[in-house]
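Participant: For reference, the sequence and a predicted model appear below.
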Amino acid sequence: MTIRIEHLVTSGTFSLDGGTWDVDNNVWIVGDDHEVVVIDAAHDADAIAIRIGDRRLTAIVCTHGHDDHIGAAPALAEATGAPVLIHLDDGLLWKHTHPDRNPSYLSDMRRITVADTELTVLHTPGHTPGAISLHAPNLGTVFTGDTLFQGGPGATGRSYSDFPTIIRSIRDRLLTLPPDTVVHTGHGASTTIGAEAPHLQEWIDRGY
(Lines give C-alpha, C1' and ligand atoms only; values in the text may rest on other atoms or scores of the structure.)
Protein backbone atom coordinates (compact mmCIF):
# COMPACT_ATOMS: atom_id res chain seq x y z
CA MET A 1 0.00 0.00 0.00
CA THR A 2 1.18 3.53 -0.76
CA ILE A 3 2.21 5.59 2.23
CA ARG A 4 0.42 8.90 2.61
CA ILE A 5 0.26 11.94 4.90
CA GLU A 6 -3.07 12.87 6.44
CA HIS A 7 -3.87 16.16 8.12
CA LEU A 8 -6.24 16.86 10.99
CA VAL A 9 -6.77 20.19 12.79
CA THR A 10 -7.79 20.10 16.44
CA SER A 11 -8.60 23.06 18.69
CA GLY A 12 -8.02 23.79 22.35
CA THR A 13 -5.74 25.89 24.55
CA PHE A 14 -2.04 26.40 25.20
CA SER A 15 -0.94 27.36 28.72
CA LEU A 16 2.50 28.44 29.94
CA ASP A 17 4.00 31.08 32.21
CA GLY A 18 0.61 31.91 33.73
CA GLY A 19 -1.18 32.60 30.45
CA THR A 20 -3.65 30.61 28.38
CA TRP A 21 -4.41 31.07 24.69
CA ASP A 22 -6.85 29.49 22.22
CA VAL A 23 -4.99 27.58 19.50
CA ASP A 24 -5.59 25.38 16.47
CA ASN A 25 -3.06 22.59 16.06
CA ASN A 26 -2.01 20.46 13.12
CA VAL A 27 -2.05 16.71 13.75
CA TRP A 28 -0.17 14.68 11.13
CA ILE A 29 -0.88 11.00 10.47
CA VAL A 30 1.70 9.16 8.38
CA GLY A 31 1.19 5.61 7.12
CA ASP A 32 -0.85 3.38 4.87
CA ASP A 33 -4.05 1.36 5.11
CA HIS A 34 -2.57 -0.90 7.79
CA GLU A 35 -0.34 1.13 10.14
CA VAL A 36 0.33 4.76 11.00
CA VAL A 37 2.21 7.05 13.32
CA VAL A 38 0.70 10.23 14.78
CA ILE A 39 2.80 13.36 15.00
CA ASP A 40 1.54 15.60 17.83
CA ALA A 41 -1.60 14.26 19.52
CA ALA A 42 -3.18 17.64 20.15
CA HIS A 43 -6.32 18.32 22.18
CA ASP A 44 -8.75 15.63 21.00
CA ALA A 45 -7.84 11.94 21.31
CA ASP A 46 -11.25 10.82 20.07
CA ALA A 47 -11.03 12.82 16.84
CA ILE A 48 -7.56 11.43 16.16
CA ALA A 49 -8.68 7.88 16.90
CA ILE A 50 -11.62 8.24 14.52
CA ARG A 51 -9.28 9.37 11.74
CA ILE A 52 -6.96 6.41 12.39
CA GLY A 53 -9.88 4.00 12.25
CA ASP A 54 -8.95 0.32 12.42
CA ARG A 55 -5.33 0.88 11.44
CA ARG A 56 -2.57 -0.02 13.89
CA LEU A 57 -1.02 3.01 15.60
CA THR A 58 2.66 2.21 16.07
CA ALA A 59 3.79 5.44 17.79
CA ILE A 60 2.66 8.84 19.01
CA VAL A 61 5.55 11.20 18.34
CA CYS A 62 5.66 14.58 20.10
CA THR A 63 7.62 17.34 18.37
CA HIS A 64 7.97 19.10 21.72
CA GLY A 65 6.53 19.23 25.21
CA HIS A 66 4.11 22.18 25.16
CA ASP A 67 0.73 21.13 26.46
CA ASP A 68 -1.17 21.85 23.25
CA HIS A 69 0.98 19.29 21.41
CA ILE A 70 0.92 16.53 24.02
CA GLY A 71 -2.40 17.00 25.81
CA ALA A 72 -4.21 14.08 24.14
CA ALA A 73 -1.21 11.76 23.94
CA PRO A 74 -1.86 9.65 27.08
CA ALA A 75 -5.54 9.11 26.22
CA LEU A 76 -4.66 8.12 22.66
CA ALA A 77 -1.94 5.80 23.94
CA GLU A 78 -4.35 4.16 26.38
CA ALA A 79 -6.93 3.64 23.65
CA THR A 80 -4.48 2.16 21.13
CA GLY A 81 -1.57 0.69 23.07
CA ALA A 82 0.90 2.85 21.12
CA PRO A 83 3.98 4.28 22.87
CA VAL A 84 4.39 8.03 23.34
CA LEU A 85 7.78 9.30 22.17
CA ILE A 86 9.33 12.65 23.13
CA HIS A 87 12.89 13.95 23.30
CA LEU A 88 14.55 13.51 26.67
CA ASP A 89 15.31 17.24 26.95
CA ASP A 90 11.57 17.98 27.07
CA GLY A 91 10.93 15.54 29.88
CA LEU A 92 10.38 18.40 32.32
CA LEU A 93 7.75 20.02 30.11
CA TRP A 94 6.04 16.66 29.71
CA LYS A 95 5.86 16.31 33.49
CA HIS A 96 4.26 19.75 33.79
CA THR A 97 1.26 18.43 31.86
CA HIS A 98 1.34 14.70 32.69
CA PRO A 99 3.11 14.26 36.05
CA ASP A 100 1.85 10.71 36.50
CA ARG A 101 2.53 9.36 33.00
CA ASN A 102 5.89 8.25 31.64
CA PRO A 103 6.68 8.52 27.93
CA SER A 104 9.54 6.87 26.07
CA TYR A 105 12.41 9.15 25.19
CA LEU A 106 13.85 9.99 21.79
CA SER A 107 17.39 10.89 20.83
CA ASP A 108 18.81 12.70 17.83
CA MET A 109 18.92 10.71 14.57
CA ARG A 110 16.68 7.93 15.84
CA ARG A 111 14.75 6.31 13.00
CA ILE A 112 11.05 5.56 13.29
CA THR A 113 9.71 3.19 10.65
CA VAL A 114 6.12 3.10 9.46
CA ALA A 115 4.80 1.37 6.33
CA ASP A 116 8.38 0.69 5.17
CA THR A 117 9.23 4.40 5.37
CA GLU A 118 11.74 5.94 7.77
CA LEU A 119 11.23 9.15 9.73
CA THR A 120 14.49 10.47 11.14
CA VAL A 121 14.52 12.48 14.36
CA LEU A 122 16.37 15.80 14.04
CA HIS A 123 16.94 17.50 17.39
CA THR A 124 16.04 21.15 16.67
CA PRO A 125 16.02 22.94 20.05
CA GLY A 126 15.14 26.57 20.61
CA HIS A 127 11.36 26.67 20.85
CA THR A 128 11.89 24.17 23.66
CA PRO A 129 15.05 22.33 24.74
CA GLY A 130 13.84 19.02 23.33
CA ALA A 131 12.08 20.22 20.19
CA ILE A 132 12.49 17.85 17.26
CA SER A 133 11.71 17.74 13.58
CA LEU A 134 10.98 14.52 11.69
CA HIS A 135 12.53 14.15 8.25
CA ALA A 136 10.97 11.71 5.79
CA PRO A 137 13.29 11.88 2.75
CA ASN A 138 11.29 9.30 0.80
CA LEU A 139 8.27 11.59 1.11
CA GLY A 140 10.21 14.80 0.47
CA THR A 141 8.86 16.11 3.76
CA VAL A 142 9.93 17.38 7.16
CA PHE A 143 7.58 17.83 10.10
CA THR A 144 8.89 20.80 12.09
CA GLY A 145 6.43 21.21 14.96
CA ASP A 146 6.87 24.77 16.21
CA THR A 147 10.50 25.16 15.10
CA LEU A 148 9.86 26.50 11.59
CA PHE A 149 6.68 28.03 10.21
CA GLN A 150 5.62 29.67 6.99
CA GLY A 151 7.34 33.04 7.39
CA GLY A 152 10.03 32.21 9.92
CA PRO A 153 11.04 30.57 13.18
CA GLY A 154 8.76 29.56 16.02
CA ALA A 155 8.22 31.70 19.10
CA THR A 156 10.97 31.99 21.70
CA GLY A 157 9.51 34.49 24.16
CA ARG A 158 8.51 32.05 26.88
CA SER A 159 10.21 29.82 29.43
CA TYR A 160 12.60 27.15 28.19
CA SER A 161 13.02 28.86 24.78
CA ASP A 162 16.01 30.59 23.21
CA PHE A 163 16.14 32.61 19.99
CA PRO A 164 19.80 32.11 18.97
CA THR A 165 19.35 28.38 19.54
CA ILE A 166 16.30 28.08 17.28
CA ILE A 167 18.08 30.02 14.51
CA ARG A 168 21.07 27.68 14.73
CA SER A 169 18.76 24.67 14.66
CA ILE A 170 17.03 25.91 11.52
CA ARG A 171 20.34 26.84 9.88
CA ASP A 172 22.17 23.61 10.69
CA ARG A 173 19.42 20.97 10.63
CA LEU A 174 16.64 22.25 8.35
CA LEU A 175 18.09 24.63 5.75
CA THR A 176 20.54 21.85 4.82
CA LEU A 177 17.63 19.78 3.49
CA PRO A 178 16.73 19.95 -0.22
CA PRO A 179 14.96 23.24 -1.08
CA ASP A 180 11.88 21.47 -2.38
CA THR A 181 11.36 19.62 0.92
CA VAL A 182 7.78 20.24 2.08
CA VAL A 183 7.58 21.65 5.62
CA HIS A 184 4.54 20.50 7.60
CA THR A 185 4.22 22.68 10.69
CA GLY A 186 2.59 22.47 14.11
CA HIS A 187 0.18 25.33 13.36
CA GLY A 188 -0.96 27.00 10.16
CA ALA A 189 -0.02 26.42 6.54
CA SER A 190 2.70 24.20 5.12
CA THR A 191 5.62 25.61 3.17
CA THR A 192 8.97 24.49 1.74
CA ILE A 193 12.57 24.76 2.86
CA GLY A 194 13.39 26.85 -0.19
CA ALA A 195 10.58 29.31 0.50
CA GLU A 196 11.69 29.82 4.10
CA ALA A 197 15.44 30.14 3.56
CA PRO A 198 15.32 33.88 2.67
CA HIS A 199 13.38 34.68 5.86
CA LEU A 200 16.16 33.17 7.94
CA GLN A 201 19.08 34.65 6.05
CA GLU A 202 18.99 38.01 7.84
CA TRP A 203 19.35 36.32 11.20
CA ILE A 204 22.13 34.07 9.94
CA ASP A 205 23.91 37.15 8.58
CA ARG A 206 23.81 38.64 12.06
CA GLY A 207 25.82 35.73 13.37
CA TYR A 208 23.14 33.52 14.91
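Facilitator: Received it, and whenever you're ready, just let me know what you need.
Participant: quick one: low-confidence ranges for this protein?
Facilitator: Applying pLDDT under 70 to the chain picks out residues 1, 206-208.
Participant: longest helix anywhere in it?
Facilitator: Using DSSP state H, we find that the single longest helix of the chain is helix 193-205.
Participant: Just give me how far it sits from the chain centre.
Facilitator: 21 Å (CA atoms, centre = their mean, to the nearest Å).
Participant: That helix - contacts with which helices or strands?
Facilitator: In terms of contacts (3 or more CB pairs under 8 Å, 6 or more residues apart in numbering; DSSP states H and E), helix 193-205 is packed against strand 152-153, helix 163-169. All C-beta atoms are positioned from the backbone trio N, CA, C, and that covers glycine.
Participant: can you pull the buried residues of the last one?
Facilitator: Along helix 163-169, these residues count as buried under the neighbour rule (16 or more other CB atoms under 10 Å): 163, 165, 166, 167, 168, 169.
Participant: what's in contact with it?
Facilitator: With contacts defined as CB atoms under 8 Å, 6 or more residues apart in numbering, helix 163-169 is touched by 123-127, 131, 147, 153-154, 156, 200, 203-204, 208.
Participant: what's the answer for the shortest one, then?
Facilitator: Strand 152-153 is contacted from outside by 126, 127, 147, 163, 166, 167, 170, 196, 199, 200, 203, using CB under 8 Å, 6+ apart.
Participant: quick one: that strand to chain centroid distance?
Facilitator: The answer for strand 152-153 is 15 Å, by CA atoms, centre = their mean.
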